[in-house]
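K.L.:
my questions concern the predicted model and sequence given below.
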Amino acid sequence: MEEIQVELQCADLWKRFHDIGTEMIITKAGRRMFPAMRVKITGLDPHQQYYIAMDIVPVDNKRYRYVYHSSKWMVAGNADSPVPPRVYIHPDSLASGDTWMRQVVSFDKLKLTNNELDDQGHIILHSMHKYQPRVHVIRKDFSSDLSPTKPVPSGDGVKTFNFPETVFTTVTAYQNQQITRLKIDRNPFAKGFRDSGRNRTGLEAIMETYAFWRPPVRTLTFEDFTTMQKQQGEYTKDVQSRRRGCKSSDMLCFPGGHTPC
């Protein structure tokens with residue numbers, strides 16, 4: 001097992017997030033990570049069978065809060081009580097060393113949740129805590145105790161890897177707007193936000209479109225943007241419909257008015 005090496009893919013992107021302070025959204029239903037953990041594994045016995053798994057462990061025993069005026073995370077107290085252990089076993093397991101080494105191993109289907117009663121196999125985490133993802137290479141003959149609901153087994157047939165740049169803080173809504181912008185800019189599923197602004201960020205474009213927008217109580221998430229865009233379309237259709245039935249002198253029917261025709 002000494003020869004086994006695991007290389008983090010998209011390390012430069014992870015470092016960009018890490019330099020700002022990576023945040024990951026957690027929800028009751030479960031949310032995928034971005035960036036997702038992707039690794040390249042070398043040094044495996046091509047004929048041996050392996051499981052590849054991932055878990056996420058606390059960095060420390062602290063709870064954090066985001067201080068907006070200084071744009072920094074600060075310790076807010078002791079960590080909440082431990083959550084039930086969860087291990088994500090890669091769906092391609094069990095596979096030969098040759099199979100694993102011929103592909104980039106992606107954990108893009110892994111989801112994070114704050115629901116301690118979750119029965120979907122998602123990784124359970126507390127909000128406002130710092131966590132470290134870990135990748136485990138587990139030889140078949142050491143996998144008898146491997147379970148999605150138990151800590152990862154230890155022994156000579158298990159090797160664990162972690163990458164400091166993948167540490168993140170869990171949130172239910174992004175706290176740092178730099179993180180929001182970077183996720184919109186780099187997440188392929190956020191293409192609509194980028195296109196809407198052309199030379200502007202999606203966040204700025206949406207804010208400018210909504211002249212009546214006011215700063216939210218909490219930081220916006222992708223779901224907020226989607227809802228805003230949907231409401232914008234409905235609002236535009238409603239205004240156009242009312243305009244067709246209005247007299248030119250009835251200025252209350254135009255955008256900004258509140259009284260129907």
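P.N.:
Great, that's in hand.
K.L.:
contact partners for the residue nearest the centre of the chain?
P.N.:
Nearest to the mean C-alpha position of the chain, by CA atoms, centre = their mean, lies Met33 at 3.0 Å. Applying CB atoms under 8 Å, 6 or more residues apart in numbering to Met33 gives the contacts 24, 107-108, 110, 112. No exception for glycine: its C-beta is placed from N, CA and C like everyone else's.
K.L.:
where in the stretch 101-250 of the chain is pLDDT low?
P.N.:
Residues of the stretch 101-250 of the chain meeting the criterion pLDDT under 70: 190-250.
K.L.:
now do 50
P.N.:
202, 205-217, 235, 239, 241-250 (pLDDT under 50).
K.L.:
mind listing the strands for it?
P.N.:
According to DSSP state E, counting those that start in this stretch, the stretch 101-250 of the chain carries its strands in the segments 104-106, 111-113, 123-124, 130-139, 158-162, 168-171.
K.L.:
among the ones you listed, which is nearest Arg181?
P.N.:
Arg181 lies closest to strand 168-171 among the strands of the stretch 101-250 of the chain, at 15.3 Å (CB to CB).
K.L.:
got a list of contacts for that closest one?
P.N.:
The list of residues contacting strand 168-171 from outside it, by CB under 8 Å, 6+ apart, reads 17, 21-26, 64, 66, 73, 112, 114, 125-131, 133.
K.L.:
cutoff 6 Å now
P.N.:
For strand 168-171, contacts defined as CB atoms under 6 Å, 6 or more residues apart in numbering pick out 22-24, 26, 125, 127, 129-130.
K.L.:
what about that strand, distance to the chain center?
P.N.:
Distance, stretch centre to chain centre, for strand 168-171: 9 Å (CA atoms, centre = their mean, to the nearest Å).
K.L.:
what lines up beside it in the sheet?
P.N.:
Strand 168-171 pairs in its sheet with strand 23-25 (parallel), strand 130-139 (antiparallel), by DSSP bridges.
K.L.:
circling back: out of the contacts of Met33, which are buried?
P.N.:
24, 107, 110, 112 (16 or more other CB atoms under 10 Å).
K.L.:
dump these to CSV, plus distance to Arg181.
P.N.:
Converted to CSV, the buried ones among the contacts of Met33 look like this (distance: CB to CB, whole Å):
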residue, distance to Arg181
Met24, 16
Phe107, 24
Leu110, 24
Leu112, 21
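K.L.:
pull the most distant pair out of those residues.
P.N.:
Met24 and Phe107 (12.7 Å).
K.L.:
overlap in contacts of the two?
P.N.:
Counting by CB under 6 Å, 6+ apart, no residue touches both Met24 and Phe107.
K.L.:
just the mean pLDDT for stretch 11-21, thanks.
P.N.:
The average pLDDT for stretch 11-21 rounds to 97.
K.L.:
contact partners for the residue nearest to Ile138 when sequence neighbours are not counted?
P.N.:
Excluding the flanking residues, the one nearest Ile138 by CB to CB, 6 or more residues apart in numbering is Tyr51, at 4.3 Å. Shown in contact with Tyr51 (CB under 6 Å, 6+ apart): 93-94, 138, 143, 146.
K.L.:
are any of the residues you listed buried, and which?
P.N.:
Applying 16+ other CB under 10 Å to the contacts of Tyr51, the neighbour count classes 93, 138, 143, 146 as buried.
K.L.:
about what we covered before: how near is the residue nearest to the centre of the chain to Thr166?
P.N.:
Met33 sits 9 Å away from Thr166 when distances are taken as CB to CB, to the nearest Å.
K.L.:
same thing with Pro188?
P.N.:
Going from Pro188 to Thr166 by CB to CB gives 19 Å.
K.L.:
more crowded one of the two?
P.N.:
Higher neighbour count among Pro188 and Thr166: Thr166, with 22 against 7, using other CB atoms under 10 Å.
K.L.:
contacting residues for the more buried one?
P.N.:
Applying CB under 6 Å, 6+ apart to Thr166 gives the contacts 14, 133.
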